[in-house]
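> Compute the structure for the input listed below.
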Amino acid sequence: MKGVLKFLVLFLLFTYLNINSVEAHSGRTDSSGGHNCSPKSVAKGLCSGYHYHNGGGTTNTAPAPAKTVYNPKVYYDKGYQAGYDKGHEMGYKKDSSIFSSTDNNSDYIEGWSAGYQKGLEDGLNKIKKEEKDAKDKKDGEEKGKKDGATSFSAGKNNNDYSYSSGSSELYIIAYKEAFTTSWQIEKSRKDAFENGYEQGLLQDEIVIPTNFETDILRSEYEKGHKEGVNERDKNEMIKYEKEGHSLGYDVKEFAVPADLQKEIYIDALKQGYEAGLQKRKEEIVKEGYTFAFKQMKYENNLYEGKKHFSNWFKEGYESNDVAAEIKIKAIKLGKENKEYTIPEKYKVNADAIALYDKLFLEGQKIQKEENRKTRATLMAAGVIGFPTVGGIYYWTRKRKKKIE
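As a prediction, this is how the structure comes out:
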């Protein structure tokens, strides 16, 4: 038993010593107990050149300094990465300025130059792609928005796309999204306008439903409501104007209905009344004017007992200056002219001509009668005077003979 325990203790001790002597990195040692650091170990920072392991080398207690081994790839790679980063930055800015490394190591400079060219190319390609993607997206959105609105106005569906074949995927995605959104917005705007219009046809007060409370839809609802109110007002004003016209034409007393509150409706009623009253007055004044051609003296048999009508009728009669002048001058002209003649100013209408003709003929008859009387008087005077003349002639002849 004691032998077994002794064996285990020795085994564990031997194992512990071997573990502590394990290398920190891979690589075989030479006869001196050392070796050169591999590129991988250099890159990892485990070593930088020739060094010893496990106490190899001289018997001095202090280890000999490691022998440095130069690796060009390490410098090239570092330079390449630094150049690439700078080139990518400049390419993304679309800046083609020429840059170079300020390092003294030729391998680093070579790597930097190669990395710069590659980075410049990649940076430029990246910004070009981003710009193209942005343009495709913008163009797709603008075209989709326009086509969506047009499609709705034309009564088409919200998926009647019309983008060009060969468009990029990003363009198509943006186009479809904008098309659908625009189509739906136009539909919502139309719904809001129509609902507002219908409400406006019924009432002046606007009450916007919650589903139309967005800025765009609220505006459309308000426009529709306003147009509906205007349409209702227009129709109501026409109705009340006709009612007022009928009252005025019948010369009835003007009165505003108790339930008529809106000022523009009351104004329409008043305007209609005044227009109807004026129309009836003009008609009756015209009757009186025409009557003046038919009657020599004013008579009010048509509207006796109707104050307004009588006044208007008389106003028309007295305003007929043509008839008044015909009544004064037609007879005189008839007396002065054997042949018929009529001044142009009397040919205003058939009634005026008829009145003139009647009075002109009357004047000719009067003149004819006066002429007849004159002739009769002259003839009577000639019969009475003839014997006297003959007597004087006979006496004169007889006396002459006596003298002879």
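> Tell me where this structure is predicted with low confidence.
For the chain, the stretches with pLDDT under 70 are 1-67, 383-404.
> Helices along that one, start to end?
Here the chain has its helices, by DSSP state H, at 2-20, 39-44, 72-92, 106-153, 169-202, 215-249, 263-294, 307-318, 321-336, 350-403.
> As CSV, the ones you listed with mean neighbour count and distance to residue 209 would be great.
Yep, even glycine has a C-beta here, placed from its N, CA and C like the rest. What follows is those, written out as CSV (neighbours: other Cβ atoms under 10 Å; distance: least, Cβ to Cβ, whole Å):
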stretch, mean neighbour count, distance to residue 209
helix 2-20, 9, 83
helix 39-44, 14, 72
helix 72-92, 19, 51
helix 106-153, 17, 21
helix 169-202, 18, 7
helix 215-249, 17, 8
helix 263-294, 18, 27
helix 307-318, 18, 54
helix 321-336, 18, 69
helix 350-403, 12, 68
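> Mind exporting the C-alpha coordinates of stretch 360-380 to CSV?
Extracted C-alpha coordinates of stretch 360-380, given in CSV (Å, rounded to 0.1, in the frame of the first residue of the first chain):
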residue,chain,number,x,y,z
PHE,A,360,-105.5,112.9,-90.2
LEU,A,361,-108.7,111.8,-92.1
GLU,A,362,-110.7,113.7,-89.6
GLY,A,363,-108.7,116.8,-90.4
GLN,A,364,-109.1,116.3,-94.1
LYS,A,365,-112.9,116.0,-93.6
ILE,A,366,-113.0,119.1,-91.6
GLN,A,367,-111.0,121.0,-94.2
LYS,A,368,-113.2,119.6,-96.9
GLU,A,369,-116.3,120.8,-95.1
GLU,A,370,-114.8,124.2,-94.5
ASN,A,371,-114.0,124.4,-98.2
ARG,A,372,-117.5,123.4,-99.1
LYS,A,373,-118.9,126.1,-96.9
THR,A,374,-116.6,128.7,-98.3
ARG,A,375,-117.7,127.9,-101.8
ALA,A,376,-121.3,128.0,-100.9
THR,A,377,-120.9,131.3,-99.3
LEU,A,378,-119.1,132.7,-102.4
MET,A,379,-121.8,131.3,-104.7
ALA,A,380,-124.5,132.8,-102.7
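> circling back to that earlier point, output the helices of the chain as JSON lines; include the columns distance to residue 99.
What follows is the helices of the chain, written out as JSON lines (distance: least, Cβ to Cβ, whole Å):
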{"stretch": "helix 2-20", "distance to residue 99": "51"}
{"stretch": "helix 39-44", "distance to residue 99": "26"}
{"stretch": "helix 72-92", "distance to residue 99": "6"}
{"stretch": "helix 106-153", "distance to residue 99": "6"}
{"stretch": "helix 169-202", "distance to residue 99": "33"}
{"stretch": "helix 215-249", "distance to residue 99": "52"}
{"stretch": "helix 263-294", "distance to residue 99": "79"}
{"stretch": "helix 307-318", "distance to residue 99": "105"}
{"stretch": "helix 321-336", "distance to residue 99": "108"}
{"stretch": "helix 350-403", "distance to residue 99": "110"}
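> So which of the ones you listed is nearest residue 162?
Shortest distance between residue 162 and the helices of the chain, using Cβ to Cβ, is found for helix 106-153: 5.6 Å.
> Look up how far residue 274 lies from residue 249.
Going from residue 249 to residue 274 by Cβ to Cβ, to the nearest Å gives 11 Å.
> Residue 170: what's its closest spatial neighbour, skipping adjacent residues?
Of all residues not flanking residue 170 in the chain, residue 136 sits nearest, at 4.7 Å (Cβ to Cβ, 6 or more residues apart in numbering).
> Kindly apply the preceding question to residue 217 instead.
The shortest distance from residue 217 to any non-neighbouring residue, by Cβ to Cβ, 6+ apart, is to residue 192 (4.2 Å).
> contacting residues around the one you found?
212, 217, 218, 220, 221, 224 (Cβ atoms under 8 Å, 6 or more residues apart in numbering).
> returning to that earlier point: between the helices of the chain, which one is nearest to residue 300?
Closest among the helices of the chain, using Cβ to Cβ: helix 307-318, at 5.5 Å.
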